[in-house]
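Visitor: here is my input, please return the structure:
(chains A and B)
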There are 2 protein chains.
Amino acid sequence: MTPALDISHLPGFEHATTREAQVAAFRHLHPSDIAEVLEQNHVAPDQIVEVLKSVGNHIAVEAFGQLSIETQQACLESYNDKTMLRFVENMDPDDRVDLLKAVGDDVREGIMPLIAQAERNEIRRLWHYEEGTAGAVMTTEYAMLPQDLTASAALEKLRLQATNKETIYYVYIADEQRRLIGVISLRDLIVSRSNATLTNIMQSNVISVPHDMDIEAVSANISKYDLLAIPVVDAQNRLLGIITVDDVLDIIEAESTEDFQRISAVLPFDEQYFKRPLTRLFFDRFIWLAILLVTSLLSTTIMEMNAHVMQRMMALAFFIPMVMGTCGNAGTQSATMIVRSMALGEITLADFGRVLRREIVMGLMLGVALGLMTYFRVFLQDHDVMLGCIVATALLATLMAANLIGALLPLVLKKIRLDPALTAGPFIATIIDAVGIATYFQIAFGMMKLF
Amino acid sequence: MTPALDISHLPGFEHATTREAQVAAFRHLHPSDIAEVLEQNHVAPDQIVEVLKSVGNHIAVEAFGQLSIETQQACLESYNDKTMLRFVENMDPDDRVDLLKAVGDDVREGIMPLIAQAERNEIRRLWHYEEGTAGAVMTTEYAMLPQDLTASAALEKLRLQATNKETIYYVYIADEQRRLIGVISLRDLIVSRSNATLTNIMQSNVISVPHDMDIEAVSANISKYDLLAIPVVDAQNRLLGIITVDDVLDIIEAESTEDFQRISAVLPFDEQYFKRPLTRLFFDRFIWLAILLVTSLLSTTIMEMNAHVMQRMMALAFFIPMVMGTCGNAGTQSATMIVRSMALGEITLADFGRVLRREIVMGLMLGVALGLMTYFRVFLQDHDVMLGCIVATALLATLMAANLIGALLPLVLKKIRLDPALTAGPFIATIIDAVGIATYFQIAFGMMKLF
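Guide: Numbering: from 1, shown residues only, chains lettered A, B, ... in the order given. Reported below is the predicted structural model:
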């Protein structure tokens, strides 16, 4: 007998201490909850498949679709049989492509010939869309009807197609060339006279997105127009697929968790705070802190190299936390603005020159204003004009550098196909710190020779 | 004649240089686009109302609902007439309450008696839900039907109610005490046999949320179960309202923008990067940087007070950027974890003691591990055992302090009813820096006496 899983602390599983009782308890769960229980308890792939086999076909297919792609991949790679084929055939087309891209070549080549022809064509069609674009997350299971149907005939058709479509709450109307010419919500369809034709009740200026639009911009559109789904079209306005609001919500949630964890430099994890074993969490956190510590020792080395400058004027050291902090904040400000504007499609790579010019002016303005503030602090408290001039000038130069790096690095990262949001992360911040300290001493040393 | 608005650079407005041409162009826009054009061009409140009056009742009501609450407030406060009454009466109930809470007492007292009785009762019912909870964002315009209806009778009822409901894609079933006993999606209703009763086709284990649940946790539920709307219930499981996925999406988008801007310390703004005038952006950024600069001068003062320690051992200064950086990272790590777990409802104020114990152990483990790394760096590069011991011990103490502050401050902020996410902001980081530098020198000074 397979041993019971460690899930007796979950509501509904308190008395399910045998494997049989657990299977019975699983049958009462929502597919999303089944997936969550399996993920959070690190159930082994072959055991996951066993559990899914026992809960009934429809629920099993749904629950498999809710597993993380890593878990799906582990299942498929360790348990390549008829059950898995059924799961894969019933996945959402976009998730299926992601999974098939993730698994090893041999696994993919093993399963592809077994997949039904229609699904195989679907996979080929979706294969080439770039990750993070509308094309890569759209589903092809939408409801499309010809324009000359009556409302009641349309309702009858929807009734028959309902189970195979991701949503039937919007019906799309295309012409003979598959060009998108209209949309009708199920709500409008229901309140229409039953003999009205679709052409008369459809909305003809359809809000749609191109297949290469960034998923963040797609989500901004769905949110702005309060849609439940948005159609994706090619350059000829031909309907390629739709993106539903629940997919967008999942993507946004995952991205915001990821962003937060990237900013805070913890390796991404999904578990609850108290559930994560202390030693594992320690490792997650230590590895990042250690990398950042080693990087930040660059600053120490630069300061050691400038020991002679500090020996002549120790007060310079007192202003290092202030200069570093202010420049770090300015860099984060510009980086956040640019990253967000890029995500919303307001700034593209072509704007590099405009951003450069704008941020040079901005850095100069901020540097002069903040430099003056610093000068007066030094003058009033330390009565030292020379120190004041040195610190203020060094702040100006360091701030301009940090501000420019923050604004331009996201564009550079995008150009070399890395995530622009990395700029706001602590690794880059640590490097900017070192550059900042070097600039600070360089300017201070130069100024000291002047006085 | 009222002057034309500055919108001729927008697509569709290129030739709309007179006011009349603009009104004509507005008539072709989606309500969300009308709201966006009016907001982004800072159109004056009385002009906004003029534009809305000219575009037709239904679209005007929709567009008004899409304006930001600040703009709605300005309109209502400057233009309290019949048109505004119509706008307010037709708003979503939850947005209407937010607006009425925002306007001055005299404006509210002026408009309340004019609002129809049913809406007025609605407003009173929604008034007391705490901001950020399910109760405060739910709408009361949901579809509810008795359980003994047949599917075809239910469809007929929905057809009649459709225009007054936020969504008809879910139908809720309640018993005589208004307790929620079932839910049917319109999709399931459509595919059912027309003489089946709702009791037989409804899903009886309804996923719902309590009215005091945090909106982030509500959104996690909607996302997890792929819902279009989620019912909100009281302690007796009576249906109070529903929250739709588009409201959740708006809230998440607004919060993530706000979070980003809080982290990056730019005053929140909605405009596009290139559209914002440089001088305004300068002011937004300068004000925050200046506040942070003044705060960070605390560190300078602390270092000045410890000048005697540095005079005896200048090398201590070299490690300040490393110690500050590492402690800042550790503090951000713990703060981010706790803030997120609080938002998802995994950690409550009652867990203060558990978090404290857990993070003391974690801080000790991280401090010892990173302290050892630092010791070996100093020993290998500078061959100075004493310096190594001092820096490593100071790092350990500072790191434990920063880690604890990061973990506990979110709970403290929540207790005094401030946003826990403030912990991750730069203001608090600057204060933690100063505390860190003080701790560092305190420990170093104490250790120097030992050797």
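Visitor: residue ranges with poor pLDDT in chain A?
Guide: Low-confidence segments of chain A (pLDDT under 70): A:1-13, A:256-272, A:344.
Visitor: kindly report the domain assignment for it.
Guide: A:19-128, A:143-244, A:278-450 (automatic domain parsing).
Visitor: out of the ones you listed, which comes closest to residue B:193?
Guide: domain A:143-244 (10.9 Å; C-beta to C-beta). Any C-beta I mention is one placed from the backbone N, CA and C, and that applies to glycine too.
Visitor: end-to-end on that closest one?
Guide: The first and last residues of domain A:143-244 sit 12 Å apart, counting by C-alpha to C-alpha, to the nearest Å.
Visitor: how far off centre is it?
Guide: From the chain centre to the centre of domain A:143-244 is a distance of 27 Å (C-alpha atoms, centre = their mean, to the nearest Å).
Visitor: just stretch A:413-429 next, same as before
Guide: On C-alpha atoms, centre = their mean, the centre of stretch A:413-429 falls 13 Å from that of its chain.
Visitor: that one and chain B in contact?
Guide: Yes - counting by C-beta under 8 Å from any C-beta of the partner chain, chain B has neighbours in stretch A:413-429: A:424, A:426.
Visitor: pull out the buried residues from that stretch.
Guide: For stretch A:413-429, a neighbour-count test (16 or more other C-beta atoms under 10 Å in any protein chain shown) marks A:413, A:414, A:420, A:421, A:423, A:424, A:425, A:426, A:427, A:428, A:429 as buried.
Visitor: straight-line length of that stretch, end to end?
Guide: First-to-last residue span, stretch A:413-429, C-alpha to C-alpha: 15 Å.
Visitor: stretch A:137-151 too?
Guide: 30 Å.
Visitor: where along the stretch 151-300 of chain A do the strands fall?
Guide: A:170-174, A:180-185, A:209-210, A:229-233, A:239-244 (DSSP state E, counting those that start in this stretch).
Visitor: which residues does the shortest one contact?
Guide: Around strand A:209-210, the neighbours that count as contacts under C-beta atoms under 8 Å, 6 or more residues apart in numbering or on different chains are A:134, A:217, A:218, A:221, A:230, A:231, A:232, A:233, A:234, A:235, A:243.
Visitor: count the neighbours of the closest residue to the second one other than its chain neighbours for me.
Guide: Across the structure, with C-beta to C-beta, 6 or more residues apart in numbering or on different chains as the measure, the residue nearest residue A:217 apart from its sequence neighbours is residue A:345 (4.4 Å). Each residue near residue A:345 was counted by other C-beta atoms under 10 Å in any protein chain shown, and the total is 15.
Visitor: up against chain B, what does the stretch 101-250 of chain A have?
Guide: So the stretch 101-250 of chain A meets chain B at A:155, A:158-159, A:162-163, A:168-169, A:186-187, A:190-191, A:207, A:219-220, A:222-228, A:245-246, A:248-250 (C-beta under 8 Å from any C-beta).
Visitor: can you say which of the domains of chain A is nearest to residue B:181?
Guide: domain A:19-128 (17.1 Å).
Visitor: which ones are touching residue A:30?
Guide: Per C-beta under 8 Å, 6+ apart, neighbours of residue A:30: B:207, B:225.
Visitor: now do the phi/psi pair for it.
Guide: Main-chain torsions, residue A:30, degrees, to the nearest 10: phi -70, psi 140.
Visitor: how about residue A:185: what's its closest non-neighbour residue?
Guide: In space, residue A:185 is closest to residue A:170, 5.7 Å off (C-beta to C-beta, 6+ apart).
Visitor: quick check: that neighbour touching residue A:222?
Guide: No - judged on C-beta atoms under 8 Å, residue A:170 makes no contact with residue A:222 at a distance of 11.8 Å.
Visitor: anything in contact with each of the two?
Guide: Jointly contacting residue A:170 and residue A:222 under the rule C-beta under 8 Å, 6+ apart are residue A:229.
Visitor: higher neighbour count, these two?
Guide: Taking other C-beta under 10 Å, residue A:170 and residue A:222 do not tie; residue A:222 has more neighbours (26 against 23).
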